[in-house]
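Participant: 3D, please:
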Amino acid sequence: MEATCKVKYVRQSPYKIRFVADLIRGKKVLDAINILSSTNKKASHFLLKSINSAVANINYNDDANFENDELFIKKVLIDGGPTIKRFRPAAMGRAVPIKKRTSHITIVIESK
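Facilitator: Numbers count the residues shown, from 1 in each chain. Next up is the predicted model:
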């Protein structure tokens, strides 16, 4: 059995989220939750919520009660979303562009 969770338009750059996603890729769900709970990064909050949502999806869609130690993370994709462009005033009448990046998170979990 397999379940997917997609979180779109997360207001953090994909580079920063991928740094935390590499810690949990291929691990058991229980281990991933423990790692993310102790990681002091903003991205760990988004990944933890999406893992919990994927666990809820697999239990709801298959009418089964899987324990967290029976599930593992099959795939973690962090894709870039749309970039919000703003301009900031600079010296001598110029303007400097600011790119506020967003991300799309896709997590696939599977039972053994």
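Participant: switch to C-alpha atoms for all contacts and neighbour counts from now on
Facilitator: Fine.
Participant: if I pick Ile33, what's in contact with it?
Facilitator: Shown in contact with Ile33 (C-alpha atoms under 8 Å, 6 or more residues apart in numbering): 48, 51.
Participant: switch the cut-off to 10 Å
Facilitator: 24, 27, 39, 44, 47-49, 51-52, 68 (C-alpha atoms under 10 Å, 6 or more residues apart in numbering).
Participant: which one of these sits closest to Val96?
Facilitator: Ser44 (30.7 Å; C-alpha to C-alpha).
Participant: is it true that that closest one touches Ser37?
Facilitator: Yes: contact criterion C-alpha atoms under 10 Å: Ser44 and Ser37 qualify, at 7.4 Å.
Participant: Which one's more surrounded, the two?
Facilitator: Ser44 (20 against 13; other C-alpha atoms under 10 Å).
Participant: Just to be sure, Asn65 is in a strand?
Facilitator: No: with DSSP: H, G, I helix; E, B strand; the rest coil as the criterion, Asn65 is coil rather than part of a strand.
Participant: Let's verify the residue nearest to it when sequence neighbours are not counted: helix, strand, or coil?
Facilitator: The shortest distance from Asn65 to any non-neighbouring residue, by C-alpha to C-alpha, 6 or more residues apart in numbering, is to Asn59 (5.4 Å). Secondary structure state of Asn59, per three-state DSSP, is helix.
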